[in-house]
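Q: Sequence plus predicted model, see below.
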Amino acid sequence: QKEVEQDPGPLSVPEGAIVSLNCTYSNSAFQYFMWYRQYSRKGPELLMYTYSSGNKEDGRFTAQVDKSSKYISLFIRDSQPSDSATYLCAFRLNTGNQFYFGTGTSLTVIP
Amino acid sequence: KAGVTQTPRYLIKTRGQQVTLSCSPISGHRSVSWYQQTPGQGLQFLFEYFSETQRNKGNFPGRFSGRQFSNSRSEMNVSTLELGDSALYLCASSLGGATGEHFGPGTRLTVL
């Protein structure tokens, strides 16, 4: 079983829609949870970083962590064409360990 | 603050050659990680250096090696290149504590 599972998509939504991106993980010891956005031919960009279960909001983005279900989500409200990118989830055991990445979900927001 | 920089941005090599990639982290960041990204495998962790010491290592053969200098700049070396080494190589830096990583633009390596 892979440590991190992420649906690769592609996901296509109309502008203004609410987008839900999800990852599941198998290692219950993961303590840090992240979401990255990667535009074509660019490096990933850190969007959200959270430590605990629950929700964290930043503008149009909300990260949700459910440790009991080993499931994290990223919600994008009022999606824009500029949100079209690949979204990667990432996890970390503790501050001295490596990061584990999902394979990414490709999102296209249609004007 | 300037972001993570990587040089060169593009590289073409032939099988059997070796290559060295360079990464300059964000000022003040002591941790530098290297990743290989391919369409089929996604982001695969190579290794992480913290204060000039390799702290974590992924499951790559010994042909892949790295080092970090006292100014936190890092280099990655791949010897005896194979066709399958063609990929985007990404460097990421962080403070080393409870923070996420910040990625550079990557070096796109093509092995012919």
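A: Nice, I can see it.
Q: How about the residues of chain B by chain A?
A: In this structure, chain B approaches chain A at residues B:4, B:33, B:35, B:41-43, B:45, B:48, B:55-56, B:58, B:90, B:92, B:96-106, judged by C-beta under 8 Å from any C-beta of the partner chain. For every residue, glycine as well, the C-beta is placed using N, CA and C.
Q: Kindly report the residues of chain A close to chain B.
A: Contact residues, chain A versus chain B (C-beta under 8 Å from any C-beta): A:32, A:34, A:36, A:42-46, A:49, A:51, A:88, A:90, A:95-104.
Q: Which among those residues count as buried?
A: Members of those that pass the buried threshold by neighbour count (16 or more other C-beta atoms under 10 Å in any protein chain shown) are listed as A:32, A:34, A:36, A:43-46, A:49, A:88, A:90, A:97-104.
Q: end to end, how far does stretch A:54-68 reach?
A: Here the two ends of stretch A:54-68 are set 11 Å apart, with distance taken as C-alpha to C-alpha, to the nearest Å.
Q: Go ahead and measure how far it is from the middle of the chain.
A: 10 Å (C-alpha atoms, centre = their mean, to the nearest Å).
Q: do the same with stretch A:80-95
A: So, by C-alpha atoms, centre = their mean, the centroid of stretch A:80-95 is 4 Å from its chain's centroid.
Q: mind pulling up the phi and psi values for residue A:23?
A: Listed backbone geometry of residue A:23 is phi -140, psi 140, with angles given as degrees, to the nearest 10.
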